[in-house]
Each structure stands twice: as C-alpha cells, then as structure tokens.
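# Requesting a structural model of the entry that follows:
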Amino acid sequence: MKHTLAVLVENKSGVLSRVASLFSRRGYNIDSLAVGVTEDPDISRITIVVQGDDHVVEQVTKQLNKLIDVIKVTDIGGDDAVERELVLIKVAADVNTRAEIIQIANIFRARIVDVAPKSMTVEITGDEGKIQAIEKLLRQFGIKELVRTGKIALVRGSKKV
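Numbers count the residues shown, from 1 in each chain. Next up is the predicted model:
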C-alpha cells in the first residue's frame, strides 16, 4: 500500500540528505520525493511516497520524528488529500501524427510546450491515474523522454499539516 507523508522540516542545508538516508539505512524505497519551501521561508515541506503496510509507515514516522530538524510528520494519503504530479513527456512526432497528439493532449487538459521537427513535448499535471492514462496513449507514438516531479499533496478542506 502506498502512503504519502508530509514532513515539515527546518529549511537548512543537509536536512533532505538526513531524511533520505534514514530511508536507505532501513532498506525502504522512496517511490516519490518532492521538496519545497512553504509559506514560511524557514520551513520546507518534503512530500514522500513510500510503499508499505501501516507498521512500516509507523516505524518510518517514529524515526523521522527523532531527527532534530523535523518539525512534524503526517500521513496524508487517501481520499482526504488533493494530490498532483507534473510530468513532461517528449513524444516522437511528425507531420502525420502531430494532430492526433494534440488531440490527446487537449482531452487530458495537457499543454504542448515544445515542438521540434521530429518530436513534441507535452506537459501534464494530475493524479497518478491521469498520468498513467495519457502515458499509455502516447506510447504508441514512441516516448523519447519522460520526467516526473514527484507527487505533492495537501489535505482537503480547512485542515492543514
């Protein structure tokens, strides 16, 4: 089962390294990692997606809370969160396939951000299901390159981490 952890940390150098090494020391794989400064410039938010049962997440949370620079750890996965990811997909395209690629991009509310003689780059944001669906459709044209930002998430409603 995938869990999305929101980790508030002090915005200092070396904090991300200590958080990531905690996972590696324990043999846990990180599926997705995104980091950025919050509304408070002294605090950064690390969004980590990790596979495991509730016991694994509980152990990871306890270990994270022991780190000095960690302020708060919250499991925000599930239906109570808005989750998004940004993906850039460079697709092989020629004069004959461009219209079809543009049509697929429009259906998914994606944007064409670059056009070259033999390729097009599509930008899309959405949840994992949406990303997988457009990726599957674009594979028929030949994906030359694909890059993902990692998942970011917020708790729905007025609640906050």
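# any chance you could map the helices in this structure?
For the chain, helices defined by DSSP state H occupy the ranges 15-26, 54-66, 98-107, 128-138.
# Could you dump those helices into a markdown table and include distance to residue 148?
From N, CA and C alone the C-beta is placed, and that goes for glycine too. Formatted as a markdown table, those follow (distance: least, CB to CB, whole Å):
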| stretch | distance to residue 148 |
| --- | --- |
| helix 15-26 | 17 |
| helix 54-66 | 22 |
| helix 98-107 | 17 |
| helix 128-138 | 7 |
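# Out of these, flag the one nearest residue 119.
helix 98-107 (9.8 Å; CB to CB).
# Quick check: mean pLDDT of that closest one?
In this model, helix 98-107 has an average pLDDT of 98.
# Next: stretch 25-44.
Stretch 25-44 comes out at a mean pLDDT of 92.
# Can you list the strands that the longest strand seen in the chain pairs with?
Criterion DSSP state E: the longest strand present in the chain is strand 81-92. In the sheet, strand 81-92 lines up against strand 119-126 (antiparallel), strand 143-148 (antiparallel), strand 152-155 (antiparallel) (DSSP bridges).
# Flag the shaky bits of the protein, pLDDT-wise.
Within the chain, the ranges that satisfy pLDDT under 70 run 78-79.
# Go again with 80.
77-79, 161 (pLDDT under 80).
# Burial check on residue 128, number of neighbours?
Residues lying near residue 128 (other CB atoms under 10 Å) number 15.
# separation between it and residue 143?
Plainly put, residue 128 is 17 Å away from residue 143 if you go by CB to CB, to the nearest Å.
# Other residues contacting stretch 24-31?
Under the criterion CB atoms under 8 Å, 6 or more residues apart in numbering, residues 2, 20, 23, 48-52, 56, 59-60, 63 lie in contact with stretch 24-31.
# Quick check: of those residues, which has the highest neighbour count?
residue 48 (24 neighbours).
# Next one: it from residue 69, what distance?
Counting by CB to CB, the gap from residue 48 to residue 69 is 15 Å.
# Then residue 32?
21 Å.
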